[in-house]
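Undergrad: Prediction below, plus the sequence it came from.
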Amino acid sequence: MSGAPTNKYQISLSDESKERIIKLLEYSKTIAHYGFIPFVLYLGWSSTPNKPSLFNLLSPFPSA
Amino acid sequence: MYTYMEYLQKCFYKSTSWNEDNIFSNITASSSAILEFPIPTGIKLDSSSKSSEYSASSFTLSNYHSINGSLAYLYSSVPLRNTMGTREISLQDAIAGFRIIEPNINGISSIGGQDNFKHITGKYDKSSLLYGRMYFPGSALEAMIIKRITSQTQLLIKCINNPHLDKNGTMILYLQKNTPKYSREFIYSTNESLIGFRCLYNFGNADNANNINTALIPKFDNSVISIGTELWYAARTMSPGLSTAFRYSTRSTSTGKPLTMTLAVNPILGHISSTYTVKTSVASTFSSKYDFNFFSYASNLSLGFELYNYSKENPLHSFTNRSVNLSSEENKYLEKRSERGNTIPIRSHTSIAHKDKDNLIINPIQNLDNYYHINPTLLPDKTLSKPTSRKSSKSSSLSAKEAAELERLSSANSESVTTAFQNLVNESDFASVVKFSTSLNDRMVKILWEGRVKDFLVSTGVKVSVNPTTNAPEFNRFGVSFSYAC
């Protein structure tokens, strides 16, 4: 009787879907972690008018 | 020494007319550059290249503890055209040093008036910069995103993430508003749920002085007073933080030499820190800092200086007869070098001009005779102040013509001395710099040498301190860092 109002605004989730959400967050974190640098590279590549080669873009060493 | 990525970030700020000196955290930048410079540890190698105007990459290898390194990439939506590699970069741009605080912030009155300013900033309203660095071994990621929302507002996100640690990352968000008159920042950090607010207000800008008859009062518009404060609250531990700082920056009207004084107070910790930094000549800066805690009565005095050495190469590109408004030290230097034709070596702009003909840098001083001739396009727009000055001159006993002449002379004098000194600082061709700093209470000495060796920028330094128990001197830090960029 008294417990009903407190539960009113809570979304009840099954353990299975909770686990799924945690897993999804984990995956998205990993994707953001490893995808950030390729994303930076893609932005650099796409905004350059004469699209540079992948090697040119990746190499931090001076190219002749 | 800035890393290449830090240098590119500064270039991004410069080309989108974002004034870094107007941010509260940089209020003591001048003194900390001379007193709290970092000493490299171990051997570090840095190779960077700008693959296009929009992207750059950098690779770092160091042997601190074990061999480790990092790979960094940067993207800027604004083309970074006037950047330079380590071969041609001026040391003043590559190394943190004295920062001359501009009274006319964001270049409103220094470059072509308000319309031009709007034109420049409007172009870069939505500009952004992304930077990512991955460290190995361990593949920890350091990321930064700068997104300009309007010309004066930006969102800055900094993030560190390590997949191999349990509590593996932290993120800081800054929402910054930076206008010539003030700057405000709202900060949120996921670490401890830290919430912060910082602000900085400037007083004594030149745009107010234009309304008064400048012929009759001495010009004090070289000075800027900034007052700022920061408030912090860690929501998780419920601990507050507070500090206030004051900065006074001015330039001598006779020699044009800039000096900066700051006073920072933290009433919660009872800490007061005052600094005095002065550019004693074109090639030297001196700084002192006094710290005091009024709870413990502990105090500390720090002293430091930096000395630049002129380059012995490129004697072709130089200004002659520059001894007009300079101190005795520069004049002595000129006398000593009289066999070289009374010149101070300056950096040539031809190397840049060769690279990109559309982006020629206008030389502010055009003629090379006994007087400074400032390029008229770089002078502040006087058309706005003309009607007011005419009105006020009527009320005074001077005739309009006399007043106008006086005004012209006074503005020409103070403009020429301060800008001439600044230009000399910016354009002198230096080969190396020696930094020295000591702290009496900590009983330590730091010496750093940074300079150009072939096409590399080399930085080497040592920190020696006295052991508090055995009283024997010991080396705390020692290292060499090489960096190459093109």
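TA: Received the coordinates, thanks. Residues are numbered from 1 along each chain as shown, chains lettered A, B, ... in the order given.

Undergrad: Surely B:Phe286 and B:Leu259 touch.
TA: No. Applying C-beta atoms under 8 Å, one finds B:Phe286 not in contact with B:Leu259, separated by 9.6 Å. For glycine as for every other residue, the C-beta is placed from the backbone atoms N, C-alpha and C.

Undergrad: What is the three-state secondary structure of the spatially most central residue of chain B?
TA: The centroid of chain B falls nearest to B:Arg99 when counting by C-alpha atoms, centre = their mean (4.1 Å). Here B:Arg99 is recorded as coil under DSSP: H, G, I helix; E, B strand; the rest coil.

Undergrad: With B:Glu6 instead?
TA: Following three-state DSSP, B:Glu6 is assigned to helix.

Undergrad: show me where pLDDT drops low in the stretch 101-250 of chain B?
TA: Counting by pLDDT under 70, the stretch 101-250 of chain B contains low-confidence ranges at B:103-122, B:205-221.

Undergrad: Tell me where it has helices.
TA: For the stretch 101-250 of chain B, the helices defined by DSSP state H, counting those that start in this stretch cover B:113-123, B:206-209.

Undergrad: what's near enough to touch the closest residue to B:Pro163 other than its chain neighbours?
TA: In space, B:Pro163 comes closest to A:His33 once its chain neighbours are excluded; the distance is 6.1 Å by C-beta to C-beta, 6 or more residues apart in numbering or on different chains. Counting by C-beta atoms under 8 Å, 6 or more residues apart in numbering or on different chains, A:His33 makes contact with B:Ser139, B:Leu141, B:Asn161, B:Pro163.

Undergrad: what about the residue in the stretch 51-200 of chain B that chain A sits nearest to, distance to A:Ser12?
TA: The minimum distance from the stretch 51-200 of chain B to chain A, using C-beta to the nearest C-beta, falls at B:Ser55 (2.7 Å). Going from B:Ser55 to A:Ser12 by C-beta to C-beta, to the nearest Å gives 48 Å.

Undergrad: Can you classify the residue nearest the centre of chain A by secondary structure?
TA: With distances taken as C-alpha atoms, centre = their mean, A:Ala32 lies nearest the centre of chain A, 3.0 Å away. Following three-state DSSP, we place A:Ala32 in the helix state.

Undergrad: Next: B:Lys14.
TA: Classification of B:Lys14 using three-state DSSP returns helix.

Undergrad: hmm, back to that, more neighbours: B:Ser55 and A:Ser12, which one.
TA: Taking other C-beta atoms under 10 Å in any protein chain shown, B:Ser55 and A:Ser12 do not tie; B:Ser55 has more neighbours (27 against 6).

Undergrad: Local confidence estimate at the more buried one?
TA: On the pLDDT scale, B:Ser55 is placed at 92.

Undergrad: Could you give the number of residues near the closest residue to it other than its chain neighbours?
TA: Sequence neighbours aside, A:Gly44 is the residue nearest to B:Ser55 in space, at 2.7 Å (criterion: C-beta to C-beta, 6+ apart). A:Gly44 is flanked by 24 other residues according to other C-beta under 10 Å.

Undergrad: Touching, A:Gly44 and B:Tyr54? I think so.
TA: Yes. The criterion here is C-beta under 8 Å, and A:Gly44 meets it with B:Tyr54 at 5.2 Å.

Undergrad: so what sits against both of those two?
TA: Residues touching both A:Gly44 and B:Tyr54 (C-beta under 8 Å, 6+ apart): B:Tyr75.

Undergrad: before we move on, the earlier item: looking at it, the residue nearest to the centre of chain B is touching B:Asn19, isn't it?
TA: No. Applying C-beta under 8 Å, one finds B:Arg99 not in contact with B:Asn19, separated by 10.7 Å.

Undergrad: What helix or strand is the single nearest residue of chain A relative to chain B located in?
TA: The nearest approach of chain A to chain B comes at A:Gly44, 2.7 Å away (C-beta to the nearest C-beta). Secondary structure assignment for A:Gly44, by DSSP states H and E: helix A:15-47.

Undergrad: going on from that helix, what's the next piece of helix or strand?
TA: helix A:54-58.

Undergrad: quick one: is that next one near chain B?
TA: Yes. Looking at helix A:54-58 against chain B by C-beta under 8 Å from any C-beta of the partner chain, the contacts come from A:Asn56, A:Leu57, A:Leu58.

Undergrad: Next, work out how far apart the first one and A:Thr48 are.
TA: Relative to A:Thr48, A:Asn56 is positioned 10 Å away (C-beta to C-beta).

Undergrad: again, but for B:Asp46
TA: Distance, B:Asp46 to A:Thr48, by C-beta to C-beta: 24 Å.

Undergrad: Between those two, which has more neighbouring residues?
TA: Each of B:Asp46 and A:Thr48 has its neighbours counted (other C-beta under 10 Å); B:Asp46 has more, 26 against 18.

Undergrad: Quick one: residues contacting the more buried one.
TA: Applying C-beta under 8 Å, 6+ apart, we find B:Asp46 in contact with B:Thr3, B:Tyr4, B:Ser58, B:Phe59, B:Thr60, B:Leu61, B:Ser481, B:Phe482, B:Ser483, B:Tyr484, B:Ala485.

Undergrad: 10 Å instead?
TA: Contact partners of B:Asp46, counting by C-beta atoms under 10 Å, 6 or more residues apart in numbering or on different chains, are A:60, B:1, B:3-5, B:58-62, B:69-70, B:72, B:86, B:456-457, B:459, B:481-485.

Undergrad: for B:Ala264, same thing?
TA: Neighbour list for B:Ala264: B:27-28, B:228, B:243-247, B:271-275, B:289, B:291 [criterion: C-beta under 10 Å, 6+ apart].

Undergrad: Would you tell me what helix or strand it is located in?
TA: With DSSP H and E as criterion, B:Ala264 is part of strand B:258-266.

Undergrad: where does residue 11 land in three-state SS?
TA: Using chain A. From three-state DSSP, the assignment for A:Ile11 is coil.

Undergrad: Please refer instead to chain B.
TA: With three-state DSSP as the basis, B:Cys11 sits in helix.

Undergrad: Surely B:Tyr201 and B:Ser183 touch.
TA: Yes. Using C-beta atoms under 10 Å, B:Tyr201 is in contact with B:Ser183, at 8.3 Å.

Undergrad: overlap in contacts of those two?
TA: Jointly contacting B:Tyr201 and B:Ser183 under the rule C-beta under 10 Å, 6+ apart are B:Asn22, B:Ser226, B:Gly228.

Undergrad: Leaving out the residues flanking it, which one is nearest to the last one?
TA: If you skip the residues right next to it in sequence, B:Gly228 has B:Leu200 as its closest partner in space, 3.6 Å away by C-beta to C-beta, 6+ apart.

Undergrad: Now for that neighbour, how many residues are close by?
TA: B:Leu200 has 24 neighbours, counted by other C-beta under 10 Å.

Undergrad: ok, back up a step: can you list which of the contacts of B:Asp46 are found in strands?
TA: Among the contacts of B:Asp46, DSSP state E puts B:58-62, B:69-70, B:72, B:456-457, B:459, B:481-485 in strands.

Undergrad: Can you say which of the residues you listed are buried?
TA: When those are checked for burial by 16 or more other C-beta atoms under 10 Å in any protein chain shown, the buried set is B:58-60, B:62, B:69-70, B:72, B:456-457, B:459, B:481-485.
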